[in-house]
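**Student:** Model the structure of this input:
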Amino acid sequence: MTNLITLIQAAIFFGTVIMFGCIGEILTEKVGNLNLGVPGVMYMGGIASLAGVYIYEGSTETPNKIVCVIIALTCAFAASALGGLVYAFLTITLRTNQNVTGLTLTIFGSGIANFFGGSLNTLTGKFEQIAVSATSSAFLATIPALANLGIVGKLFFSYGFMVYLAIILALVMQYFLNHMRRGLNLRAVGENPATADASGIAVIRCKYPAICIGCGICGFGGVYYVMDYIKGTWANDGGIEKLGWLAVALVIFTTWKAKNAIPGAYLFGILYWMYLYIPGLTRSSQEIFKMLPYVVTLIVLIFASLKNNKEKQPPKALGQAYFREER
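**Tutor:** Next comes the predicted model:
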């Protein structure tokens, strides 16, 4: 039982990171833009939050934890949305290839984040590592009265607030895209921008904010990874990039439905960490288990294609540049 509880907790911590990335990418893809720069955007959100609170914590002896959280989230959203703005300008206004632009954003984001992460570590001292303890403790804080409720507390209430924020965002995104006029307009743009344009929907005005906000949400995944997952430090181990690609895979697994990101993210976490709880596995066998989330995604994609269910297919105009003159 203890191992099962530990596995579920690890899956929730792991799943929360990719859930933010998945939700943001769903919003981006719903307007017809395939952004493979999710890992880079998450990197930008993570390093921006770390740099912001590092400056704040260093400027005062008693940092306010609420201010720390606000600074971290604001810096992350701003940096990630800026990355989204660059991507939007290149792919919408200049009509560059979306796949190449996204991959370039991933390379740029990871490079600049690791550069500044290493610089921040250097500032703390030759043999030390940066640590924003006040901010990390604020992200890790739980409600003791609920967290101490035995098994129920361990399973449902032993996490920081961003775990619950991710769930709320997924449900809000689902409602927005399916029941609100603005969300329906975004979906119309992603399905057929020419028809949407002809019906009076401003395609460009829909795409730009959707992509920027989507990237901003992806950046929250970077914040959670830095402040909660690795306890307010910086590691140049490529961890964010791995989870960023899993977030992209999760979009396909959820069949572009934000509500499905909740169970899907946690399932990915269980599949990814399951090898730790299976005795007798060799190192090569462990690597095979780490591939399971991608294998499951491929299976879901194949079945969705075979059934040809419109509700489980990507937006028809996904990845296609829109030329208004050709309407």
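
**Student:** Can you list the low-confidence ranges for the protein?
**Tutor:** Applying pLDDT under 70 to the chain flags the ranges 1, 125-128, 304-305, 307-309, 325-327.

**Student:** again, only this time at 50
**Tutor:** By pLDDT under 50, the chain contains no weakly predicted segment.

**Student:** the strands in it, which residues?
**Tutor:** With DSSP state E, there are no strands along the chain.

**Student:** pull the longest helix from it.
**Tutor:** Determined from DSSP state H, the single longest helix within the chain is helix 2-30.

**Student:** Can you give me the buried ones in that one?
**Tutor:** Buried residues in helix 2-30, counted by 16 or more other CB atoms under 10 Å: 7-30. Quick note: C-beta positions are derived from backbone N, CA and C, even for glycine.

**Student:** can you give me the offset of that helix from its chain's centre?
**Tutor:** 9 Å (CA atoms, centre = their mean, to the nearest Å).

**Student:** With stretch 64-75 instead?
**Tutor:** In terms of CA atoms, centre = their mean, the gap separating the centre of stretch 64-75 from the centre of its chain is 19 Å.

**Student:** just to revisit the earlier point, tell me what the longest helix of the chain is packed against?
**Tutor:** Here helix 2-30 touches helix 38-59, helix 150-156, helix 161-179, helix 181-191, helix 203-224, helix 239-253, helix 261-273, going by 3 or more CB pairs under 8 Å, 6 or more residues apart in numbering; DSSP states H and E.

**Student:** Is it possible to get those helices out as CSV so that each row also shows distance to Gln98?
**Tutor:** Below are the helices and strands packed on helix 2-30 laid out as CSV (distance: least, CB to CB, whole Å):
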stretch, distance to Gln98
helix 38-59, 13
helix 150-156, 39
helix 161-179, 20
helix 181-191, 13
helix 203-224, 11
helix 239-253, 13
helix 261-273, 22
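
**Student:** Tell me which of these lies nearest to Phe89.
**Tutor:** Closest approach to Phe89 among the helices and strands packed on helix 2-30 (CB to CB): helix 203-224, 8.4 Å.

**Student:** Quick one: list the elements packing against the closest one.
**Tutor:** Contacting helix 203-224 under the criterion 3+ CB pairs under 8 Å, 6+ apart are the following elements: helix 2-30, helix 38-59, helix 65-88, helix 161-179, helix 181-191, helix 193-198, helix 239-253.

**Student:** contacts for the last one?
**Tutor:** This means helix 239-253. Contact partners of helix 239-253, identified using CB atoms under 8 Å, 6 or more residues apart in numbering, comprise 14, 17-22, 25-26, 29, 36, 38-43, 46, 106, 110, 113, 218, 221-222, 225, 229-230, 260-261, 264-265, 268, 272, 293-294, 296-297, 300-301, 314.

**Student:** 6 Å instead, please
**Tutor:** 17-18, 21-22, 25-26, 38-39, 42-43, 46, 110, 222, 225, 264, 293-294, 297, 300-301 (CB atoms under 6 Å, 6 or more residues apart in numbering).

**Student:** how about that helix: buried residues?
**Tutor:** Buried residues in helix 239-253 (16+ other CB under 10 Å): 240-241, 243-253.

**Student:** same check, this time on stretch 108-118
**Tutor:** By neighbour count with 16+ other CB under 10 Å, stretch 108-118 contains the buried residues 108-110, 112-114, 116-117.

**Student:** cool, stretch 160-167 as well?
**Tutor:** Going by neighbour count (16+ other CB under 10 Å), the buried part of stretch 160-167 is 160, 162-163, 165-167.

**Student:** List just the nearest of the residues you listed to Gln286.
**Tutor:** Val163 (26.2 Å).

**Student:** Enumerate every residue touching the residue nearest to Phe77 when sequence neighbours are not counted.
**Tutor:** Nearest non-adjacent residue to Phe77, counting by CB to CB, 6 or more residues apart in numbering: Gly216, 4.2 Å away. Going by CB under 6 Å, 6+ apart, Gly216 touches 77, 80-81.

**Student:** And Met19, by the same measure?
**Tutor:** When contacts are counted by CB under 6 Å, 6+ apart, Met19 touches 166, 261, 265.

**Student:** Report the contact partners of the closest residue to Ser110 other than its chain neighbours.
**Tutor:** Using CB to CB, 6+ apart and skipping residues adjacent in sequence, the residue nearest Ser110 is Tyr43, 4.9 Å away. Taking CB under 6 Å, 6+ apart as the criterion, Tyr43 is in contact with 109-110, 113, 240.

**Student:** Name the pair among those residues with the greatest separation in space.
**Tutor:** Gly109 and Ile240 (8.9 Å).

**Student:** coming back round to it: okay, the contacts of Met19 in a markdown table with distance to Leu276 next?
**Tutor:** Formatted as a markdown table, the contacts of Met19 follow (distance: CB to CB, whole Å):
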| residue | distance to Leu276 |
| --- | --- |
| Ala166 | 23 |
| Ala261 | 24 |
| Ala265 | 18 |
